[in-house]
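**Student:** pasting the structure only:
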């Protein structure tokens, strides 16, 4: 006879033995055993830290954006040639503003470096002065690149003009998509 047979026989006879508990076990809150996840808030996208925060990388980030898709989407929203012209002017202004920011950054940075070079030279810190001089040369190289981009943009050439070409191409592709969808796909 097994242990389960004894319990089954007692139930069949109507003799179930229940033990009364004098001190019932208190309810244990669910939070003790189960860790509920709190909904995470969407974290803002972090921008990569660059050695020259605000330097030439700021300008290249501006130039590297996809202006063709922006032009395409703008055409779908407002397919008007004056809208295209206004957005091209706005892009040129944004480019000019970015160039000014970068130039100001490097001009201020070079002033600071010049102060440190003079100060550390008086203290006889030859190695530090040489490191500062190299940093100054790098900053001067970057500012000359920025000035070159600025001059090319004024002449509607180079990478600065590339964003205008890209935006215009995207806008025209958007206009073509509208025409294709509305007119060319109709069956007569």
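**Tutor:** Great, that's in hand. As the structure is a prediction and not an experimental result, all values here were calculated from the model.

**Student:** so where's the chain shaky on pLDDT?
**Tutor:** 1-53, 184-185, 187-188 (pLDDT under 70).

**Student:** so residue 120 touches residue 132, yeah?
**Tutor:** Yes - look at residue 120 against residue 132 with Cβ atoms under 8 Å: they come within range, at 6.7 Å. The C-beta positions use only the backbone N, C-alpha and C, and glycine is treated the same way.

**Student:** for the two, indicate the residue with more neighbours.
**Tutor:** residue 132 (21 against 17; other Cβ atoms under 10 Å).

**Student:** check which helix or strand the more buried one maps to.
**Tutor:** Assigned by DSSP states H and E, residue 132 falls within helix 126-154.

**Student:** for the helix or strand following that helix, buried residues please.
**Tutor:** Going down the chain from helix 126-154, the next helix or strand is helix 158-179, by DSSP H and E. Within helix 158-179, the residues scored as buried using 16 or more other Cβ atoms under 10 Å are 160-161, 163-164, 166-168, 170-171, 174-175.

**Student:** report the angle between the axes of the helix holding residue 132 and helix 158-179?
**Tutor:** Interaxial angle of helix 126-154 relative to helix 158-179 (axes from the mean of the first three to the mean of the last three Cα atoms, to 10 degrees): 40 degrees.
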